[in-house]
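**Student:** This is the structure alone, sequence omitted:
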């Protein structure tokens, strides 16, 4: 296992294109990728494919990680690995879309991944549209087509006296420490003003991109990026 300092060293080298450092990080976090992939083993996708998808998320984490976050790399990598697997499951889900839209979605996904590896940030909708010679509306439509319209808060009728939501029926795998951490994070977020709170919730709890958040808040993507950095720095200082 790599130490924290060794991990930081290999992260710096990996971003410089050193293959040995990339391999060291992959091998050191392969067990993490496998454990996350194993959670989705009953979704109709081969475990090896899930591991491959998780590895893509791991690579994104390697290129996106910034030491100023002051969190362990593995902590930062988990949502990236989860997100990559979940995006695939949404794209390959029960809701069928036209072949053209699905083809566009796959082209967009590949472009975004390549752009992310090369530049360290996600491209804007306008950049994607220009690169693939399609309209911005088509980009948004293709990305939205991958989202499943099922709400965890939808009421379900299971024959019991009290109506329950789907989320209430899901078994919890949270530990006591997980619950304490969530309460602590919630208390920190509640110290923010309404705009900052909304931005953080959209970005980290609603899985929205900076571009999507910019449209919701009525500001530019650049402003969202700057605000997000300031808010995260503020929360980090409060957590000390």
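**Tutor:** Happy to help now that I have it. As the structure is a computational prediction, the values presented were derived from the model and not from experiment.
**Student:** List the buried residues of stretch 230-240.
**Tutor:** 231, 235 (16 or more other Cβ atoms under 10 Å). All C-beta spots, glycine's among them, are computed from the backbone N, C-alpha and C.
**Student:** Check what contacts it and list those residues.
**Tutor:** With Cβ atoms under 8 Å, 6 or more residues apart in numbering as the test, stretch 230-240 has contacts from 69, 70, 184, 188, 189, 191, 192, 196, 199, 200.
**Student:** From residue 47, how far out is residue 134?
**Tutor:** From residue 134 across to residue 47, the span is 34 Å (Cβ to Cβ, to the nearest Å).
**Student:** The two - which one has more neighbours?
**Tutor:** Per other Cβ atoms under 10 Å, whichever of residue 134 and residue 47 has more neighbours is residue 134, with 16 against 12.
**Student:** and this structure, what are its domains?
**Tutor:** Annotated domains of the chain cover 1-93, 191-239 [automatic domain parsing].
**Student:** Make TSV out of these and add mean pLDDT and distance to residue 106.
**Tutor:** TSV is the format used below for these (pLDDT from 0 to 100; distance: least, Cβ to Cβ, whole Å):
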stretch	mean pLDDT	distance to residue 106
domain 1-93	85	8
domain 191-239	84	18
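**Student:** tell me which element the closest residue to residue 20 other than its chain neighbours falls in.
**Tutor:** Leaving aside its chain neighbours, residue 20 sits nearest to residue 13 (7.7 Å; criterion: Cβ to Cβ, 6 or more residues apart in numbering). For residue 13, the element it lies in under DSSP states H and E is helix 4-15.
**Student:** elements contacting that helix?
**Tutor:** The contact analysis (3 or more Cβ pairs under 8 Å, 6 or more residues apart in numbering; DSSP states H and E) places helix 4-15 against helix 19-38, helix 47-64, helix 73-91.
**Student:** so that helix versus helix 47-64, what angle?
**Tutor:** On the basis of axes from the mean of the first three to the mean of the last three Cα atoms, to 10 degrees, helix 4-15 is oriented at 90 degrees to helix 47-64.
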